[in-house]
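Enquirer: Prediction below, plus the sequence it came from.
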Amino acid sequence: MTDPLNSTDDLVVAALYHFARLPDFREWRAPLTALCEQHGLLGTLLLAEEGINGTVAGSTSGVAALLAHLRADPRMADLVHKESRAAQPPFRRLKVRLKKEIVSMGVPGTDPNHLKGSYLDADDWNRVINDPDVLVIDTRNEYEIAAGSFPGAVDPKTRSFREFPAFVDRALKGREDQPVAMFCTGGIRCEKSTAYLKSRGFRQVYHLRGGILNYLDTVKPEDNQWQGECFVFDERVSVDRHLAPGRLDLCRACRRPLTQAQKDSPDYEPAVSCPQCIGEYSEAQRQRFRERKRQVDLADARGERHLGQRLDSD
């Protein structure tokens, strides 16, 4: 079995998702886990009746083996994935989990397999978001948007994707005839958000094909309208407009991105608190975080892995 933590090969990070009817999704868990372990892949794969979602990292051959295995099933033949490179392993362990949804909105019946918006590639995306009549919405959470976004995009100020339907009810009611263009990190949240808007009677709904990551990979440098960095749910924390690792760090307590100014704050204590979460945890919780950090530091000193170092998110 390949160990990506000790491999000298370039690490491939593959973000993937696909909506498909998988009533047998529970039966996928064991063989997927075995295949990933065989090829030394680390990261998270989520399985649900509506499809698969996740990000894994490992060798080029290992990632290719996983993708070939998934696409061998006719229901997964059109699975979308996006690759990038990493100098260091972006994950610390493998998780293959069973879920009710592969991206959690919490609205039963929202099915991108039957209803969703129209895709826009990079060139068309630039044209649409520069149209003053189009409402451009960033469907990510507010801490992700703080790292970077497209100019003029609406920030719904959500803390989780489950709050997006309430944002629609609060801010978009009565605007069903206005063109709406939405985007997210890799495209999956927009599959559901456009399906939700279409089900609510919005007529012209668009979304960025492959999300921000695909846009940054395919748009010409002179046409790149992205501003700032893009938060990613792995040890890189963020990537810049060239998909290189960004400058942001991570609060290991709340798992939000950190700027240098936030790290200079007296509210910042590594792995314990930051200005964004200083009021969210009790002293007892912060003491547990300190003990976790101590254990991680001890493991590092011994050259061992510690699961407390993980960043991968559901």
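Expert: Looks like it arrived, so ask away. Numbers count the residues shown, from 1 in each chain.
Enquirer: So what's the residue count around Arg175?
Expert: By the criterion of other Cβ atoms under 10 Å, Arg175 has 12 neighbours. Any C-beta I mention is one placed from the backbone N, CA and C, and that applies to glycine too.
Enquirer: Name the SS class of it, please.
Expert: coil (DSSP: H, G, I helix; E, B strand; the rest coil).
Enquirer: quick one, what contacts it?
Expert: Leu135, Phe202 (Cβ atoms under 8 Å, 6 or more residues apart in numbering).
Enquirer: Listing request: residues of the stretch 201-314 of the chain with sub-threshold pLDDT.
Expert: Counting by pLDDT under 70, the stretch 201-314 of the chain contains low-confidence ranges at 304-314.
Enquirer: how about the longest helix anywhere in the chain: buried residues?
Expert: Ranked by residue count, the top helix of the chain under DSSP state H comes out as helix 283-302. Neighbour-count burial for helix 283-302 flags Arg286, Phe289, Arg292, Lys293, Val296 (criterion: 16 or more other Cβ atoms under 10 Å).
Enquirer: for stretch 85-94, same thing?
Expert: Across stretch 85-94, burial judged by 16+ other Cβ under 10 Å covers Ala86, Pro89, Pro90, Phe91, Arg92, Leu94.
Enquirer: again with stretch 52-60
Expert: Under 16+ other Cβ under 10 Å, the buried positions of stretch 52-60 are Ile52, Asn53, Gly54, Thr55, Val56, Ala57, Gly58, Ser59.
Enquirer: So Ala14: helix, strand or coil?
Expert: Under three-state DSSP, Ala14 comes out as strand.
Enquirer: quick one on the thing from earlier: and which of the buried residues of stretch 52-60 is nearest Arg189?
Expert: Asn53 (9.9 Å; Cβ to Cβ).
Enquirer: What sits closest to the closest one if chain neighbours are left out?
Expert: The shortest distance from Asn53 to any non-neighbouring residue, by Cβ to Cβ, 6 or more residues apart in numbering, is to Ile102 (3.8 Å).
Enquirer: One more: Pro156?
Expert: Phe167 (4.1 Å).
Enquirer: List the contacts of the one you found.
Expert: Phe167 neighbours (Cβ under 8 Å, 6+ apart): Pro156, Lys157, Thr158.
Enquirer: Could you identify which of these has the most neighbours?
Expert: Pro156 (23 neighbours).
Enquirer: is it true that that one touches Leu172?
Expert: No - counting by Cβ atoms under 8 Å, Pro156 sits too far from Leu172 to count as a contact (9.5 Å).
Enquirer: where exactly do the strands run in the stretch 101-250 of the chain?
Expert: Per DSSP state E, counting those that start in this stretch, the stretch 101-250 of the chain carries strands over the ranges 118-120, 135-138, 148-149, 180-183, 205-208, 227-228, 230-231, 238-239, 249-250.
Enquirer: For Ser273, find the nearest of the ones you listed.
Expert: Nearest of these to Ser273, taken as Cβ to Cβ: strand 249-250 at 12.9 Å.
Enquirer: following that closest one, which helix or strand comes up?
Expert: strand 257-258 (DSSP states H and E).
Enquirer: Identify the residues contacting that following strand?
Expert: 143-144, 146-147, 231, 237-238, 248-251, 268, 274.
Enquirer: now do stretch 270-284
Expert: So stretch 270-284 is contacted by 143, 251-254, 256, 258, 262-263, 265, 267-268, 286, 289-290, 292-293, 296 (Cβ under 8 Å, 6+ apart).
Enquirer: Give the buried residues for it.
Expert: Buried residues in stretch 270-284 (16+ other Cβ under 10 Å): Pro270, Ala271, Val272, Ser273, Cys274, Pro275, Gln276, Cys277, Ile278, Tyr281.
Enquirer: ditto for stretch 225-233
Expert: Residues of stretch 225-233 classed as buried by neighbour count (16+ other Cβ under 10 Å): Trp226, Gly228, Glu229, Cys230, Phe231, Val232, Phe233.
Enquirer: nearest residue to Ser199 other than its sequence neighbours?
Expert: Excluding its sequence neighbours, the residue lying closest to Ser199 (Cβ to Cβ, 6+ apart) is Leu115, at 6.1 Å.
Enquirer: can you give me the helices for this structure?
Expert: Under DSSP H, the chain gives helices at 29-38, 60-71, 122-129, 142-145, 164-167, 188-199, 211-218, 260-263, 283-302.
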